[in-house]
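In: Please work out how this folds:
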Amino acid sequence: MKTVLETYDISQNRLATLLGVRRSVVFRWFHEQRDPTAETVAEIVKALNSVNPEAAQNFIKLYLGELTDPEDS
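Out: Numbering: from 1, shown residues only. This is a model prediction of the structure:
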């Protein structure tokens with residue numbers, strides 16, 4: 001998450017607002033203190049997609065890694 005937010009200049013506060021959660025929740029994800037649930041990951045993708053579709057795709061790739069790359073199967 002940190003890489004995507006920094007790369008696409010999306011603030012933790014903006015993501016928190018889009019998700020309807022406290023900024024402290026995003027802070028914990030950002031600093032890898034907690035992992036979002038699977039349902040929340042889907043919501044994060046939707047929120048990022050509304051700001052920058054490329055950021056959403058990059059988040060999916062970085063978060064799910066090789067699960068999304070058929071060549072690594």
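In: and the worst-scoring helix or strand of the chain on mean pLDDT, which residues are buried?
Out: Every helix and strand of the chain was ranked by mean pLDDT, DSSP states H and E. The lowest is helix 53-64, at a mean of 93. Judged by neighbour count using 16 or more other CB atoms under 10 Å, the buried positions of helix 53-64 are 55, 56, 58, 59, 60, 63. C-beta coordinates here come from the backbone N, C-alpha and C atoms, glycine included.
In: helix, strand or coil for residue 28?
Out: What DSSP: H, G, I helix; E, B strand; the rest coil gives for residue 28 is helix.
In: number of nearby residues for it?
Out: 14 (other CB atoms under 10 Å).
In: So it is in contact with residue 35, correct?
Out: No - when contacts are counted by CB atoms under 8 Å, residue 28 is not listed as touching residue 35 (9.1 Å).
In: how distant is stretch 6-18 from the center of its chain?
Out: For stretch 6-18, the distance from its own C-alpha centre to the chain's C-alpha centre is 9 Å (CA atoms, centre = their mean, to the nearest Å).
In: Actually, stretch 9-22.
Out: Centroid displacement of stretch 9-22 relative to its chain, using CA atoms, centre = their mean, is 10 Å.
In: May I have the distance across it, first residue to last?
Out: End-to-end span of stretch 9-22 (CA to CA, to the nearest Å): 19 Å.
In: can you list the residues that contact that stretch?
Out: 4-5, 23, 25-27, 30, 40, 43-44, 47-48, 50-52, 55 (CB atoms under 8 Å, 6 or more residues apart in numbering).
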